[in-house]
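Enquirer: no sequence on this one, just coordinates:
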């Protein structure tokens, strides 16, 4: 891959040289019970990507999935190693049984937010870190996991409507971590520089009353996201900001918003947008503040929330445009009575048609802005009943 200090750097991607990933996905879709699903995933050809399973028999199962090589634990596998040393050779692959997982936990619930697998069900049923090799799990806890636990623990019982609401949640749980750090820095700065404090007091007072929930109308998330990224997009996530950095970042945020918008009170829906622009010769989207766009309620993944949107600032643009996050969101209910239909709703971030002239080009973005779903038709009779038109290949 490269050469550093006279030494070649090479890499090995687990099972990348072996077929089977698409086959595994296909077999997972065909599985009609937990035994068939187990058989489908046992080859572990999906070499990364956590798996969650649920069925009508009330089985729920979380697997910290991956093609994980068996390695010598005396080495630090987070760093480059000497490939000429036989002790650093892989020794086969771990089996499905070796991976952290939890099935039918005593808590009757679990979550998966690309975080540590050792708190998936928030119960004694969870896998314990000491039972696994030190190289197997690298993820730590994150804001999305904290928000998932908040949602799961605030309801005694869920129904379909509850899931529909909570799956589009935009509670920025990271604010509860940022807030005390933020206000301590401001208080200390105010004692030193009252003129600066007077300038920042209006926005600080606004944030002091904020509950951390992002809405299209709220201005607090616009300020918070810009402030947070001013500090941490320039540094590693583990960076511990000084009090001067914290206050200076807020000052920069206010000034930048005033320059761009004429005010620092910019609603999140005005700033946070969904747009499907044309692509340049490199295949990159060319966003345009003057072109049509739709407000989107999603929040950055670092902030928590169920509805995630990647929307960093770009040079020359006032607005933020979604380039990633939740590709789609779905809520599914499996009735105990197998004669009853599975209930499902879903929402795509844009629309199901790539033709700008199609009414389905951005129609789902409008639904998402209103935090609402469309029905998912899983049965032929529902598809026919909901069809605008039907045709056969070769017909006009």
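Expert: It's in. Not measured: the values here are computed from a predicted model. Numbering: from 1, shown residues only.
Enquirer: can you show me the helices along the stretch 51-200 of the chain?
Expert: Counting by DSSP state H, counting those that start in this stretch, the stretch 51-200 of the chain has helices at residues 143-154, 160-166, 175-192, 194-208.
Enquirer: how much distance is there from the second one to the middle of the chain?
Expert: Translated: helix 160-166. 18 Å (Cα atoms, centre = their mean, to the nearest Å).
Enquirer: who's in contact with that helix?
Expert: Helix 160-166 has contacts (Cβ atoms under 8 Å, 6 or more residues apart in numbering) with 151, 155, 158, 306, 331, 333, 343, 345, 371, 373. (C-beta placed from N, C-alpha, C; glycine too.)
Enquirer: and stretch 286-299, average pLDDT?
Expert: The predicted model assigns stretch 286-299 a mean pLDDT of 94.
Enquirer: apologies, that question was intended for stretch 212-231.
Expert: The model assigns stretch 212-231 a mean pLDDT of 95.
Enquirer: ok, and for that stretch, which residues are buried?
Expert: Neighbour-count burial for stretch 212-231, counted by 16 or more other Cβ atoms under 10 Å, picks out 212, 214, 216, 218-231.
Enquirer: same question, stretch 284-300
Expert: 287, 293, 294, 295, 296, 297, 298, 299, 300.
Enquirer: how about residue 68: what's its closest non-neighbour residue?
Expert: residue 94 (4.5 Å; Cβ to Cβ, 6 or more residues apart in numbering).
Enquirer: find me the pLDDT at the one you found, would you?
Expert: 96.
Enquirer: could you double-check that it sits in contact with residue 70?
Expert: Yes - counting by Cβ atoms under 8 Å, residue 94 does reach residue 70; the two are 5.9 Å apart.
Enquirer: who's more crowded, the two?
Expert: Shown here are residue 94 and residue 70; by other Cβ atoms under 10 Å, residue 94 has more neighbours (18 against 15).
Enquirer: what's around residue 365, how many residues?
Expert: Neighbours of residue 365 (other Cβ under 10 Å): 22.
Enquirer: ok, residue 358 next?
Expert: 12.
Enquirer: relative to residue 278, how far out is it?
Expert: 16 Å (Cβ to Cβ, to the nearest Å).
Enquirer: coming back round to it: narrow the buried residues of stretch 212-231 to those in helices?
Expert: 220, 221, 222, 223, 224, 225, 226, 227, 228, 229, 230, 231 (DSSP state H).
Enquirer: tabulate those (CSV), appending distance to residue 274.
Expert: Below are these laid out as CSV (distance: Cβ to Cβ, whole Å):
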residue, distance to residue 274
220, 21
221, 16
222, 16
223, 21
224, 20
225, 16
226, 19
227, 23
228, 21
229, 19
230, 24
231, 26
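Enquirer: strands along the protein, start to end?
Expert: 2-4, 7-9, 51-54, 60-63, 101-103, 272-274, 294-295, 309-310, 320-321, 324-325, 328-333, 343-348, 374-375 (DSSP state E).
Enquirer: can you list the strands that the last one pairs with?
Expert: Strands that pair with strand 374-375, judged by DSSP bridges, come out as strand 343-348 (antiparallel).
Enquirer: which residues touch the strand it pairs with?
Expert: By Cβ under 8 Å, 6+ apart, strand 343-348 touches 160, 164, 168, 327-333, 335, 364, 367-368, 372-376, 378.
Enquirer: what do you get for stretch 201-213?
Expert: 170-173, 175-176, 179, 182-183, 186, 218-220, 223-224, 250, 254, 264.
Enquirer: buried stuff in that stretch?
Expert: Using 16+ other Cβ under 10 Å as the burial criterion, the residues of stretch 201-213 that qualify are 203, 204, 207, 210, 212.
Enquirer: for stretch 184-200, same thing?
Expert: For stretch 184-200, by 16+ other Cβ under 10 Å, it's 185, 186, 189, 190, 196, 197, 200.
Enquirer: hang on, the earlier thing: between the buried residues of stretch 284-300, which is nearest residue 393?
Expert: The closest of the buried residues of stretch 284-300 to residue 393 turns out to be residue 294 (Cβ to Cβ; 33.2 Å).
Enquirer: let me know whether that closest one touches residue 363 as I believe.
Expert: No - counting by Cβ under 8 Å, residue 294 stays clear of residue 363, with 10.0 Å between them.
Enquirer: and stretch 60-72, how far out from the chain middle?
Expert: With Cα atoms, centre = their mean, you get 20 Å for stretch 60-72.
Enquirer: so for it, mean pLDDT?
Expert: Mean predicted confidence for stretch 60-72 is 95.
Enquirer: circling back to that earlier point, nearest to residue 259 among the ones in helices among the buried residues of stretch 212-231?
Expert: Nearest member of those to residue 259, counting by Cβ to Cβ, is residue 226, at 12.3 Å.
Enquirer: ok, the closest one to residue 21 distance?
Expert: For residue 226, the distance to residue 21 - Cβ to Cβ - is 39 Å.
Enquirer: residue 337 now?
Expert: For residue 337, the distance to residue 21 - Cβ to Cβ - is 35 Å.
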